[in-house]
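>>> What would the 3D arrangement of this be:
(2 chains)
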Amino acid sequence: MTSPDELLLEVVDVTTSFDTDLGRLVAVDGVSFRLHRGETLGVVGESGSGKSVLARSVLRLVGDRNAQVTGRVVLRGSDVLKMPDRELRRLRGGSAAMIFQDPMTALNGTMRIGSQLSESLREHLGLRRRQQRDASIELLRSVGIPDAERQLRSYPHQLSGGMRQRAMIAIALACGPDLLIADEPTTALDVTMQRQVLDLLDRQRAERSMSMMLITHDLGVVAGRADSIMVMYAGRIVERAPARRLFTAPRHPYTDGLLRSIPRLSDEPGRELATIPGSPPIVIGGSTACSFAPRCPRAQARCLNELPLLVEDARTDSPSSSDGHAYACFYPLGTESGDAALLGNRRAGSTAAGLPMAAFGPTGDGVPT
Amino acid sequence: MGNDLVSGALSRTIRRVPRLALTLLAVSFLTFMLTNLLPGDPALTLLGENASDEQIEALRLDLRLDEPLLARYVQWLGDAFTGDLGTSYRTGQPVTEAIVERLPVTVELGLVSLAMSLVVSILLAVWSAYRAGGVVDRFLTTASFGLMAVPNFLLALLLVIVFAVRLGWLPATGWVRFSEDPIGNMKSVILPAIALGANEVAVFMRVLRSDMVTTLRQDSITMARSKGLSTRRILLFHAFRPSSLSLVTIVGVQVGAIIGGSVIIETMFALPGVGRLLVDSIAERDLITVQGLALVIGVSVILVNFLTDSLYSFIDPRIRDGDR
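Residues are numbered from 1 along each chain as shown, chains lettered A, B, ... in the order given. Model (predicted):
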């Protein structure tokens, strides 16, 4: 049996870039993290933050011929980025699987659900036709699809949105993966369905002692489900922390902005929702400064000239743990220098990047006046 | 549940039959009008300047030219339904018989040509799309534009010069029946089929390649790859089938082009097919035969397109459920 602390996935300094006409577009920039068996890692960021490219890089699924992935992705002891194609094919769908945002486009619309299940079972487990059928029915039942036997013969478009997502989960789980990468698994679903699907994923993870990378733009999705959370911005990790800690004591102004933009029932009616002004940049040629500075209420001259690296939070209870709280910011929340930077910008009326403080709205800049 | 594929596709096909019937009717009417829209007296046109007055009068009676147009059309259509397309005034041979004699040659030429161009274009398109932007893809794109620009009669000449005259591998002209000598038959069909299908290779390849490139970018392909499937399986089951709708449409449309091309190719290779018959009939002003051929060709093109349209529902189940 495997110990609960077994390290399943170790990602070291992964950088994914694309050759474009504008230059080298860096979508994922030096990302490192570790994932233990049975754990859920939430990866949070806006569209364009590089989280989906990171997910695909882990399974070497970045399809673009102009793409280059460097670094190390060690899954159960072997480096995914260096393994031969044959071994890679055994790994994909075998010990690591992936689900996508929209099952309508991710499932093959011209193949029956049953065939899409059994092709994995045949490929990886070498099951015979009869066994494939039995295993497929079992899988569909386990993800809560009623009348499983009949649904084997259905095409994806004949199922409802929630059932389609369940079917995709069943297909991903077919060969009992150790790692499930879920890329925005609930974004295409309505709110009630979201909860059901997230609960299903969590139950499957627990039953199979599987590890999960849960990728989302919505901090609400990972709240209460992820053991630790990684916040990405412009291809880099800007903050990483155990989930509870990230929600209660965020350090990075970007994390703080994301948390503030979640509506709460306790908010007084009519209160304006905080937003982060602007949108994420496209990074060409690699970062030399803080990519968030142009949108940050705390931005100082240093942020525009120097790249903040990920540092461990001195407040972390167990500083030796690599999975503790870390952030990449020169003027973080809850520090003297950070508060001073914010107050200075407020007094000056604009940030060092030239953004007027009024752009953050009455409460959006981090600290109550 | 098991036969829903067939029954769904079938019911969709049956629903389209009335429109098919209407199209066929329109085509038959236009074909019939062919002889009547020509300026001057049809009887005179048919018989030529040197005919005597009695001959012309006899033909007028035979063609029922004094009856109303519609009555004559109904009569003609009724005859056509029973397989009677009239009798050629030039050869005295029933038109139906002349067509039936020659049809197997053209059908074989067309089918061999279509099959060869489909096999070649599908292989090249899949390869090209899989390695989109690569050397092979760029070469094939350029080559296909070049191929589209080469008229089939020029290609026919080149093929004859190389394979018949220089190398002597294949006959330059003539036709051997399959029932007489299967190998000789294949030899006599191969050069005309290549000349006829080369343009189609370029057309099919371009259409399929561009659809494949789009499909290969979709999440369903990333999903298929994340399942650890082999490249061959992904290309065949997950990329080719959803990408083949436009190809099927184009094949239907190009059947018309193939029939048109066969007129030239059959003449150049001296093949006794309907294309050749059409050329001869036009040259001899044999309007009855031309009319019969026009009807047969028009109806075939419409039926082929009806069939390719029906294929959609087999390729993509969403179409037969009315989702797309």
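>>> Quick one: residues in contact with stretch A:288-299.
A:233-236, A:238, A:252-254, A:257, A:276-278, A:280-281, A:283, A:303-308, A:328-331, A:338, A:341-342, A:345, A:351-353, A:355, A:357, A:360, A:364-366 (C-beta atoms under 8 Å, 6 or more residues apart in numbering or on different chains). C-beta here means a position set from N, CA and C on the backbone, and glycine is covered the same way.
>>> Check the separation of the first and last residues in that stretch.
Start and end residues of stretch A:288-299 are separated by 15 Å (C-alpha to C-alpha, to the nearest Å).
>>> And that stretch, what's buried?
For stretch A:288-299, burial by neighbour count (16 or more other C-beta atoms under 10 Å in any protein chain shown) applies to A:289-299.
>>> before we move on, what about stretch B:280-290?
Those would be B:280-281, B:286-290, for stretch B:280-290 by 16+ other C-beta under 10 Å.
>>> ditto for stretch B:255-262
Under 16+ other C-beta under 10 Å, the buried positions of stretch B:255-262 are B:255-262.
>>> what's the closest of the residues you listed to chain A?
Minimum distance to chain A across those is 24.3 Å, recorded for residue B:255 (C-beta to the nearest C-beta).
>>> Look at the closest one and give its secondary structure.
helix (DSSP: H, G, I helix; E, B strand; the rest coil).
>>> Work out for me the element the nearest residue to it once chain neighbours are set aside sits within.
Nearest non-adjacent residue to residue B:255, counting by C-beta to C-beta, 6 or more residues apart in numbering or on different chains: residue B:304, 4.7 Å away. Assigned by DSSP states H and E, residue B:304 belongs to helix B:287-315.
>>> Using CSV, list the CA coordinates for the helix ranked longest in chain A.
Using DSSP state H, we find that the single longest helix of chain A is helix A:191-208. Only the C-alpha atoms of helix A:191-208 are listed here, as CSV (Å, rounded to 0.1, in the frame of the first residue of the first chain):
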residue,chain,number,x,y,z
VAL,A,191,-24.7,26.4,-10.3
THR,A,192,-26.6,23.4,-8.9
MET,A,193,-24.8,21.1,-11.3
GLN,A,194,-21.4,22.6,-10.4
ARG,A,195,-21.8,21.5,-6.8
GLN,A,196,-22.9,17.9,-7.7
VAL,A,197,-20.0,17.5,-10.1
LEU,A,198,-17.4,18.9,-7.6
ASP,A,199,-18.8,16.6,-4.9
LEU,A,200,-18.5,13.7,-7.3
LEU,A,201,-14.9,14.5,-8.1
ASP,A,202,-14.1,14.8,-4.4
ARG,A,203,-15.8,11.5,-3.6
GLN,A,204,-14.0,9.7,-6.4
ARG,A,205,-10.7,11.2,-5.3
ALA,A,206,-11.2,10.0,-1.8
GLU,A,207,-12.3,6.5,-2.8
ARG,A,208,-9.5,6.0,-5.2
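>>> Is there proximity between the helix or strand that comes right after it and chain B?
Using DSSP H and E, the next helix or strand after helix A:191-208 towards the C-terminus is strand A:211-216. No. Figure legend: strand A:211-216 not in contact with chain B (C-beta under 8 Å from any C-beta of the partner chain); closest approach 12.7 Å.
>>> quick one: low-confidence parts of the stretch 251-369 of chain A?
A:271, A:315-323, A:362-369 (pLDDT under 70).
>>> Now the closest residue to chain B within it: closest residue in space, sequence neighbours ignored.
Per C-beta to the nearest C-beta, residue A:282 is where the stretch 251-369 of chain A lies closest to chain B, at 19.4 Å. Nearest residue to residue A:282, sequence neighbours excluded (C-beta to C-beta, 6+ apart): residue A:25, at 6.4 Å.
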